[in-house]
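Colleague: Quick one: sequence plus predicted model below, questions after.
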Amino acid sequence: MLTGKDLVEEYRRTHPGSQRLHERAAKTFAANGATHIARVLDPFRPYITHAQGSRKWDIDGNEYIDYIMGHGALILGHSHPAVVQAVQEQMAKGVHYGGNHELEVELAELIKSMMPMAERVAFFSCGQEANMMAIRLGRIFTGRKKVLRFQENFHGWADELAHEGSAGVVADKVNVIPFNDLNKVEEELAKKEYAVLLTEGGGAYVNGRVPIDLDFVRALSDLTKKYGTVWVLDEVVTGFRDAPGGWQSVVDVKPDLTTLGKCVGGGLPVGALVGRADIMEVFNPESPPDRHIPHTGTWNASPLLCSAGIAACKLYQGGEPQKKARQLADYLRERGNKVLKERDISGRLYSRTVVHLYLGPIDYEPSDDTMPPTKDIKKIMDPTMEPVHTRLCLHLLQRGIAIFTKGFYILSAAHTMEDVDQTIDAFSDSLDAMLNEGTLGQALRVR
Ligand SMILES: Cc1ncc(COP(=O)(O)O)c(C=O)c1O
């Protein structure tokens, strides 16, 4: 069993190629050699050479069951044959026409067919661009400036989207309040100062690490209407991961605007803003100059992206990939929670197709494992648990399982029951090692 210092030594020994690349990268990329904060790990994350289905391989030939899944973009798994074929064919025909083309119309029509609130569609390069544009639209439509957002909701790194208090951010028109408190929302909206209420779909922080009360969400549409604020639902992760109609179809709500990204591009970079035709009229060049946004963006709806997006969205339409990912997530949670309980570890796997691991006090037993065993946001987001998650992540990597350092597992339709079984073996073995080496922490032992 790998424990203590041995783990890091063994990891370095089995990842010499990655170590070499990390040392090169550290001279160039200021984030300790990484190009995204989620790819930072001590000593380093593996350098990947190729991926297929649910698996990926590193430069040293180590194989991983992948639960990063393109940061949530790959609900079909790596290199789905339909997407690969579409992209290869399109590559030969042209990556960027700098002109209009049928594929952008087809992709937009596919989105509209799945999400009925999408009267109009606009494309961007990524999810946060769509969020930034949604705020601008709300401002023009309402003539107001302020943005209301909820704590722990994630929308991107740009000024008005970043976590409250992030260094260097200018967001003096943004107010961040706790969620699940309708009185507080109404108190703010009643001031009639807010252009936009921005809400993360699926709950806060990557598809519901902190769950949102569904009755609370369902009340937001009427409340925003009552006070003339545009309600923007950020479905960058959940559309079309949770269902063909997005999370909004699961909870039965209709926002004014929805932002999309990730899965919509089938693995290629995309952002989309969809919603009410009257609000999106600002893109019409015939709108009065003070109500018009000249929408630019080199990569908007590139033919290559659209070819991948069409192939993927055609598969999402029937709901099969989403169903399969959900069933596998159920199986992962069920087996993983047994492992935790058998070891008297105070923690639970929960949520939907992005499975989060909560480590901390069990305040109550939820009726099903879509919910964490506490309602206390501070406990769910407890920063003192981060070293424990990081250690578990390294143990899992050494055992061929790639997860996010913060402890969540993104399922896809390409995963199998066997993948989950193998993951559970590695999960239990890692937890045993951590119990042995004392890195799980006393607080996490029930007895
Ligand atoms: C809910 C949510 N919104 C927006 C974004 C930003 O999307 P992108 O990274 O494509 O800009 C993310 C990224 O993970 C996200 O999780």
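Modeller: All right, it came through fine. Numbering: from 1, shown residues only.

Colleague: Low-confidence regions, this structure specifically.
Modeller: Flagging of the chain using pLDDT under 70 yields the residue ranges 1-5, 443, 446-447.

Colleague: Tell me where it has strands.
Modeller: Ranges of strands in the chain, per DSSP state E, are 48-52, 55-58, 63-66, 120-124, 146-150, 174-177, 194-200, 230-234, 257-260, 271-275, 347-351, 354-359, 401-402, 408-410.

Colleague: Off-centre distance for stretch 217-225?
Modeller: 24 Å (C-alpha atoms, centre = their mean, to the nearest Å).

Colleague: would you put the C-alpha positions of it in CSV?
Modeller: C-alpha atoms of stretch 217-225 as CSV (Å, rounded to 0.1, in the frame of the first residue of the first chain):
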residue,chain,number,x,y,z
VAL,A,217,-35.5,28.7,-8.0
ARG,A,218,-39.1,28.4,-9.2
ALA,A,219,-40.0,31.6,-7.5
LEU,A,220,-37.3,33.6,-9.2
SER,A,221,-39.1,34.0,-12.5
ASP,A,222,-42.1,35.7,-11.0
LEU,A,223,-40.0,37.8,-8.7
THR,A,224,-37.7,39.1,-11.4
LYS,A,225,-40.7,39.8,-13.7
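
Colleague: hmm, who's touching it?
Modeller: If you take C-beta atoms under 8 Å, 6 or more residues apart in numbering as the criterion, stretch 217-225 is touched by 182, 185-186, 189, 197, 199, 230-231, 251-256. For glycine as for every other residue, the C-beta is placed from the backbone atoms N, C-alpha and C.

Colleague: quick one: which of the residues you listed is nearest to S367?
Modeller: Nearest to S367 among the contacts of stretch 217-225 is V251, at 17.4 Å by C-beta to C-beta.

Colleague: For the stretch 101-250 of the chain, give the residue positioned nearest to the ligand.
Modeller: Using C-beta to the nearest ligand atom, the single residue of the stretch 101-250 of the chain nearest to the ligand is G127, 2.7 Å away.

Colleague: which bits of the protein sit near the ligand?
Modeller: 71, 126-128, 131, 154-156, 200, 206, 234, 236-237, 261, 271 (C-beta under 6 Å from any ligand atom).

Colleague: Going by neighbour count, which of those residues comes out on top?
Modeller: When neighbours are taken as other C-beta atoms under 10 Å, the top entry among the residues of the chain next to the ligand is V236 (32 neighbours).

Colleague: Without its sequence neighbours, what residue ends up closest to that one?
Modeller: Excluding the flanking residues, the one nearest V236 by C-beta to C-beta, 6 or more residues apart in numbering is G127, at 3.4 Å.

Colleague: ditto for I37
Modeller: Closest residue in space to I37, ignoring its immediate chain neighbours: A31 at 6.3 Å, by C-beta to C-beta, 6+ apart.

Colleague: Please name the residues that touch the one you found.
Modeller: Taking C-beta under 8 Å, 6+ apart as the test, what A31 contacts is I37, R39, V40.

Colleague: which of these count as buried?
Modeller: Buried by 16 or more other C-beta atoms under 10 Å: R39, V40, out of those.

Colleague: E104 against V121, yeah?
Modeller: No. The criterion here is C-beta atoms under 8 Å, and E104 misses it with V121 at 9.0 Å.

Colleague: Next, count neighbours for the residue in the stretch 301-447 of the chain that the ligand sits nearest to.
Modeller: Nearest residue of the stretch 301-447 of the chain to the ligand (C-beta to the nearest ligand atom) works out as V354 at 9.5 Å. V354 has 26 neighbours, counted by other C-beta under 10 Å.

Colleague: same deal with P289?
Modeller: 7.

Colleague: Enumerate every residue touching it.
Modeller: P289 makes contact with no residue, according to C-beta under 8 Å, 6+ apart.

Colleague: Mind jotting down where the helices sit in the stretch 251-400 of the chain?
Modeller: Secondary structure of the stretch 251-400 of the chain (DSSP state H, counting those that start in this stretch): helices at 277-280, 303-317, 320-342, 377-380, 386-398.

Colleague: Next, the angle helix 303-317 makes with the third one.
Modeller: In this structure, helix 320-342 runs at an angle of 70 degrees to helix 303-317, with axes from the mean of the first three to the mean of the last three C-alpha atoms, to 10 degrees as the basis.

Colleague: Dump helix 320-342 to PDB, restricted to CA.
Modeller: This file holds the C-alpha atoms of helix 320-342, laid out as PDB (Å, rounded to 0.1, in the frame of the first residue of the first chain):
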ATOM      1  CA  GLU A 320     -29.800   8.700 -24.100                       C
ATOM      2  CA  PRO A 321     -26.300  10.000 -23.200                       C
ATOM      3  CA  GLN A 322     -27.700  12.000 -20.300                       C
ATOM      4  CA  LYS A 323     -29.600   9.000 -19.100                       C
ATOM      5  CA  LYS A 324     -26.500   6.700 -19.200                       C
ATOM      6  CA  ALA A 325     -24.300   9.200 -17.400                       C
ATOM      7  CA  ARG A 326     -27.000   9.600 -14.700                       C
ATOM      8  CA  GLN A 327     -27.200   5.800 -14.200                       C
ATOM      9  CA  LEU A 328     -23.500   5.500 -13.900                       C
ATOM     10  CA  ALA A 329     -23.400   8.500 -11.500                       C
ATOM     11  CA  ASP A 330     -26.100   6.700  -9.400                       C
ATOM     12  CA  TYR A 331     -24.000   3.600  -9.300                       C
ATOM     13  CA  LEU A 332     -20.800   5.500  -8.400                       C
ATOM     14  CA  ARG A 333     -22.600   7.200  -5.500                       C
ATOM     15  CA  GLU A 334     -24.200   4.100  -4.300                       C
ATOM     16  CA  ARG A 335     -21.000   2.000  -4.200                       C
ATOM     17  CA  GLY A 336     -18.800   4.900  -3.000                       C
ATOM     18  CA  ASN A 337     -21.100   5.700  -0.100                       C
ATOM     19  CA  LYS A 338     -21.000   2.100   1.000                       C
ATOM     20  CA  VAL A 339     -17.200   2.300   1.100                       C
ATOM     21  CA  LEU A 340     -17.300   5.500   3.200                       C
ATOM     22  CA  LYS A 341     -19.900   4.000   5.600                       C
ATOM     23  CA  GLU A 342     -18.000   0.700   6.000                       C
END
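
Colleague: buried residues in that helix?
Modeller: Residues 321-322, 324-326, 328-333, 335-337, 339-340 are the ones in helix 320-342 that count as buried (16+ other C-beta under 10 Å).

Colleague: do the same with the fourth one
Modeller: Judged by neighbour count using 16+ other C-beta under 10 Å, the buried positions of helix 377-380 are I377, K379, I380.

Colleague: what separates that helix from the chain centre, distance-wise?
Modeller: Distance, centroid of helix 377-380 to centroid of chain: 19 Å (C-alpha atoms, centre = their mean).
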